[in-house]
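>>> how does the following fold in three dimensions:
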Amino acid sequence: MAYEYKVVELREKWLGGKMSGDKLEKVLNDHAGEGWQLKAITGADVRGRVGPGGVEGLLVTFERQV
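All right, here's what the predicted structure looks like:
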């Protein structure tokens with residue numbers, strides 16, 4: 001069997017914003033509807049587009065059979 005992987009970067013738009021459970025749930029359900037299965041969720045500092053700093057976010061890894 002062969003698999004493919006997809007990594008989705010989730011972060012809030014404003015510095016100091018908290019990750020909402022509703023937002024994560026929607027991302028998980030949307031990808032599940034396309035055949036993706038959750039493989040891992042990793043907390044990470046995600047670089048923002050403005051300024052040199054990062055914000056806390058999540059890297060969500062999905063897997064599905066090809």
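>>> any figure for the gap between the residue nearest to residue 66 when sequence neighbours are not counted and residue 64?
With sequence-adjacent residues excluded and distances taken as Cβ to Cβ, 6 or more residues apart in numbering, residue 66 is closest to residue 2, at 4.4 Å. For every residue, glycine as well, the C-beta is placed using N, CA and C. Computed as Cβ to Cβ, to the nearest Å, the residue 2 to residue 64 distance reads 10 Å.
>>> likewise residue 41?
16 Å.
>>> this protein: strands as residue ranges?
3-11, 37-47, 54-65 (DSSP state E).
>>> of these, which approaches residue 31 most closely?
Among those, the nearest to residue 31 by Cβ to Cβ is strand 54-65 (5.3 Å).
>>> what residues sit buried inside the closest one?
Under the neighbour-count criterion of 16 or more other Cβ atoms under 10 Å, strand 54-65 has 55, 57-58, 60, 62 buried.
>>> nearest to residue 37, of the residues you listed?
residue 62 (6.4 Å).
>>> the closest one reaches residue 36, doesn't it?
Yes - counting by Cβ atoms under 8 Å, residue 62 does reach residue 36; the two are 3.8 Å apart.
>>> quick check: neighbours shared by these two?
Residues touching both residue 62 and residue 36 (Cβ atoms under 8 Å, 6 or more residues apart in numbering) are residue 6.
>>> distance check, the residue nearest to residue 66 against residue 58.
26 Å.
>>> now the strands of the chain as JSON lines including distance to residue 24 and mean pLDDT?
Below are the strands of the chain laid out as JSON lines (distance: least, Cβ to Cβ, whole Å; pLDDT from 0 to 100):
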{"stretch": "strand 3-11", "distance to residue 24": "7", "mean pLDDT": "92"}
{"stretch": "strand 37-47", "distance to residue 24": "8", "mean pLDDT": "84"}
{"stretch": "strand 54-65", "distance to residue 24": "7", "mean pLDDT": "85"}
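>>> now distance to residue 22 too, for these, in TSV please.
Shown next, in TSV, are the strands of the chain (distance: least, Cβ to Cβ, whole Å):
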stretch	distance to residue 22
strand 3-11	12
strand 37-47	15
strand 54-65	14
